[in-house]
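> I'll drop the sequence and a predicted model, then ask my questions.
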Amino acid sequence: MSPPIAQLLAEFAVSAEPSGRPGLRAVAARHLLDVVGCGLAAVGTGDGGHATEVALAAGGHEEATVLGSEVRLPAA
């Protein structure tokens, strides 16, 4: 099984070489933190419940966790 996308994104952000682009690592880390922060904030709204129900109804292999939930859904 491949590593979780969050792990891949974090590894990319940490290992990115600036190569003449000062601040690249900081920008990538800030965007990653923003994505995770927005996702966690959205969990509290309950608005994603319908999408989760649709994905559960579609079935498939339980490969990915739903942020803020114990539900597992297909990764794609």
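Okay, I see it.

> and the closest residue to Gly60 other than its chain neighbours, what does it touch?
Take Gly60 and drop its neighbours on the chain: the residue closest to it by C-beta to C-beta, 6 or more residues apart in numbering is Pro74, 3.4 Å away. Glycine gets a C-beta too; all of them are placed from N, C-alpha and C. Taking C-beta atoms under 8 Å, 6 or more residues apart in numbering as the contact definition, Pro74 lies against Ala55, Ala58, Gly59, Gly60, His61, Glu62, Glu63, Ala64.

> Could you tell me how far Pro74 is located from Val54?
The spacing between Pro74 and Val54, counted by C-beta to C-beta, to the nearest Å, is 12 Å.

> Next, count neighbours for Arg21.
Neighbourhood size, Arg21 [other C-beta atoms under 10 Å]: 10.

> what secondary structure does it sit in?
coil (DSSP: H, G, I helix; E, B strand; the rest coil).

> gap between it and Leu33?
Counting by C-beta to C-beta - Arg21 and Leu33 are separated by 19 Å.

> same thing with Val14?
Counting by C-beta to C-beta - Val14 and Leu33 are separated by 12 Å.

> ok, now Gly59?
33 Å.

> Looking at the two, which has the bigger crowd around it?
Leu33 (12 against 9).

> remind me, longest helix of the protein?
Taking DSSP state H as the criterion, the chain has its longest helix at helix 24-43.

> And the average pLDDT for it is what?
Per-region confidence: helix 24-43 scores 85 on mean pLDDT.

> could I have the helix or strand just after that helix exported to PDB, CA atoms only?
Per DSSP states H and E, helix 24-43 leads on to helix 49-58 as the next helix or strand towards the C-terminus. The C-alpha coordinates for helix 49-58 follow below in PDB (Å, rounded to 0.1, in the frame of the first residue of the first chain):
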ATOM      1  CA  GLY A  49     -21.500  14.600   5.900                       C
ATOM      2  CA  HIS A  50     -23.500  14.300   2.700                       C
ATOM      3  CA  ALA A  51     -20.300  13.800   0.600                       C
ATOM      4  CA  THR A  52     -19.100  11.100   3.000                       C
ATOM      5  CA  GLU A  53     -22.500   9.300   2.800                       C
ATOM      6  CA  VAL A  54     -22.300   9.300  -1.000                       C
ATOM      7  CA  ALA A  55     -18.800   8.000  -1.000                       C
ATOM      8  CA  LEU A  56     -19.700   5.300   1.500                       C
ATOM      9  CA  ALA A  57     -22.700   4.300  -0.700                       C
ATOM     10  CA  ALA A  58     -20.400   4.000  -3.700                       C
END
